[in-house]
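Q: Requesting a structural model of the entry that follows:
(chains A and B)
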Amino acid sequence: MSELRMENLVARYGKVTALDRLNLTIKDGELVTLLGPSGCGKTTTLRSVSGFLKPDEGEIYIGNRNITDIPPEKRGIGLVFQNYALWPHMTVFQNLAFGLELRKVPMEEIKKRVRTVLSVVKLEGYEDRYPRQLSGGQQQRVALARAIILEPDILLLDEPLSNLDALLREQMRFEIAQIHKRLGITTLYVTHDQTEAMVISDRIVIMKDGKVMQDGKPEEIYLRPKNRFVAGFMGTTTFLEGKVQSIQGDTCILQTSEGWELKGIPCGGITPGSKASAAVRPEAVEILYSPVASSKGKGENSFEAEVDSSYFTGEVIDYHFRLGGSFIRVRGDTKRILKPGEKVTVRIDSDRLPIVPAEPL
Amino acid sequence: MKLNYRPILIKTFELVLLVLSFLIIFGPMTSLFLWSVAQKWYWPHPLPQEITFAYWKQALGIEKSLAIGAVSIVPAFLLSVGIAIVTVIISMALAIPAGYALAKYRIPFGTLVMFLFLMPNAFPQQPIFVNVLQMFTRMGLAGTVPGVILVHILLGLVFGVWITSATFRSIPPSMEEAARSVGATAPKAFFRITLPLAAPGLLASSVFVFITSLDEFTGTFFVGLPFVQTLPLTLYSSSGYNMQFASVIALILLVPSILFMFLIQRVLKAEYVGGMG
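A: Next comes the predicted model:
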């Protein structure tokens, strides 16, 4: 059983607490991504699991083995670095064979496994190249191959795609997801790119200041954020503040500071009368390009808005709309470009409007 | 068609600089070489009037001469090289672990430690070595080869430690960590990964220490005389009255330095030296 379990991990750098009683379990075969802003503790977590950082408190288990005090080389963990860390004085073959040689695996077997793993990462025939002769994407694939050739119990990836250009990053995302599906190794992944996280992960753990903010499937994290931080971190979110007027099952009415009524999905345990924020995302906002009439008559969550600015981004037009005293981000079709000052009606889809607790100020 | 003067001017300037640097490097060498084969060379002749290889032969012990200072320099040469080799071995044995520790761990007052290594070279040499001579006399090291070697190590350590620590610092820690993640223990990771990657920088460091020892004068003069006669000391004693002989010795001292400089330049990649200072 290759389940990875972290219990009550605490790590401190002087006065800063990097990990604050972290409890996390990754089930056998799962790919879990740690996602969060810089300094949230995701890299610290990874280094604790890999063994290069000794946590001040807490225990780490792989299956039934307590690995907390075991040195890195004995943990049986594959590691992929952000800067690839391929050994430049060795060929691709030697890079891949190194770990197997240390285990005294016979050369015939080594050659076979190198060939197999190179075909998994789609780099057949590259055995005799040196890292400097490879592109960034190829180097990263060799780094991945080097980690998986040893058939580790756990695979750790530390922002492996951050050094690649946007196009390559997008491609490699899918390849990593496919390789994981094929090999099924329990994986802990660290990134700050949320799209990447959502594409490859079975589960996402959002971290902030060494604590878990939310832990769940990508859809849950995105559509049902439990708190304002997660709601703001995922997607392009702007908030409309207000007070909860009523909750009925899966529906919630929020009265905004302007006196409007917003209908949305209650999240994070909000209660009637409490302060809450509606997380407005561009994809949930529909632009009705008809002349402005009374804002309340067009149906629920319909409001009059004024175009503040517009930006052409190729696929869509990125708008900033003024809604009463607040701004929201909206995306519109490139077929009709609105100009600043124009008035339109917007309708916010209530099924895609999470309402989360407003953070205490 | 209008002629663009700017590139021509720049190219001419570059050419002048190239010629000047050539002259600066090879001018003195040429002068030394001419002196080393001059039998008779009086001003205002631009070249020696009579040429002889007698001085070379005397220096190499092939011929004997009764002229003052015309001794075979072969023993002194061998002594200098021998001292240099021992100095390198001991210095590097100290500098490699020291450089690695300084690069890898946050040693308290690490910068101060590095600075301390610089001290012997930063102060006026004579006062230092007069004191060293007094200390060594009491310890029985004055006028001995081990005493001279100790002085050379002291002076060579600055190059040793500074270059090795810069070299190790230029190797990303992830290289070793990657080795550990595939099962290598810390020592294995050091010897199989870090050391080979550091080799060019460590080689350069060794060469610097070697040259420093080979050319060292002041410390050897105070501590080594009258028994330890290295090549630079022989140069000193013959330079006053036997210009030709002195030129021979000077050339013999100069050639290894220049050869090694070319060697370093070949072997050393910019990344390693870039981390210095």
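Q: Count the neighbours of the residue of chain B found nearest chain A for me.
A: Using CB to the nearest CB, B:V182 is the residue of chain B that sits closest to chain A, at 3.1 Å. To be clear about C-beta, it is placed using only N, CA and C from the backbone, and glycine gets the same treatment. Using other CB atoms under 10 Å in any protein chain shown, B:V182 is surrounded by 26 other residues.
Q: Quick check: it touching A:L102?
A: Yes. If you go by CB atoms under 8 Å, B:V182 and A:L102 touch, sitting 6.9 Å apart.
Q: could you point out the longest helix in chain A?
A: Longest among the helix segments of chain A by residue count, using DSSP state H, is helix A:166-183.
Q: Show me what counts as buried in that helix.
A: A:R169, A:M172, A:R173, A:E175, A:I176, A:I179, A:H180 (16 or more other CB atoms under 10 Å in any protein chain shown).
Q: CA atoms only for whichever strand or helix holds A:V205, dumped as PDB, please.
A: Using DSSP states H and E, the element containing A:V205 is strand A:203-208. The C-alpha atoms that make up strand A:203-208 are tabulated as PDB, following Å, rounded to 0.1, in the frame of the first residue of the first chain:
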ATOM      1  CA  ARG A 203      -7.500  16.200  -5.700                       C
ATOM      2  CA  ILE A 204      -6.300  19.700  -5.000                       C
ATOM      3  CA  VAL A 205      -5.100  21.000  -1.700                       C
ATOM      4  CA  ILE A 206      -5.100  24.800  -1.400                       C
ATOM      5  CA  MET A 207      -2.600  26.100   1.100                       C
ATOM      6  CA  LYS A 208      -2.000  29.400   2.700                       C
END
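Q: Quick one: list the elements packing against it.
A: Strand A:203-208 is packed against strand A:31-35, strand A:211-216, helix A:218-223, helix A:228-233, with contacts defined by 3 or more CB pairs under 8 Å, 6 or more residues apart in numbering or on different chains; DSSP states H and E.
Q: please redo it, this time with the cut-off set to 6 Å
A: In terms of contacts (3 or more CB pairs under 6 Å, 6 or more residues apart in numbering or on different chains; DSSP states H and E), strand A:203-208 is packed against strand A:31-35, strand A:211-216.
Q: can you pull the contacts of A:F93?
A: A:V114, A:E127 (CB atoms under 6 Å, 6 or more residues apart in numbering or on different chains).
Q: From B:A178, how far out is it?
A: 16 Å (CB to CB, to the nearest Å).
Q: Just checking: what are the partner strands of the strand holding A:V205?
A: strand A:31-35 (parallel), strand A:211-216 (antiparallel) (DSSP bridges).
Q: Please identify the deepest-packed of these.
A: strand A:31-35 (a mean of 25; mean count of other CB atoms under 10 Å in any protein chain shown).
Q: Okay, now the unreliable bits of the chain?
A: Just so you know, I chose chain A. Counting by pLDDT under 70, chain A has low-confidence residues at A:1, A:290-299, A:360-361.
Q: let's do chain B instead
A: For chain B, the stretches flagged by pLDDT under 70 are B:1-2, B:63-70, B:267-277.
Q: Quick one: the helices in it, in order.
A: Taking DSSP H as the test, the helices found in chain B are B:5-36, B:54-59, B:74-104, B:110-122, B:125-139, B:145-169, B:173-181, B:186-189, B:195-215, B:218-224, B:231-239, B:243-267, B:270-274.
Q: quick one: the longest helix of chain A to strand A:31-35, angle?
A: Relative orientation of helix A:166-183 versus strand A:31-35 (axes from the mean of the first three to the mean of the last three CA atoms, to 10 degrees): 140 degrees.
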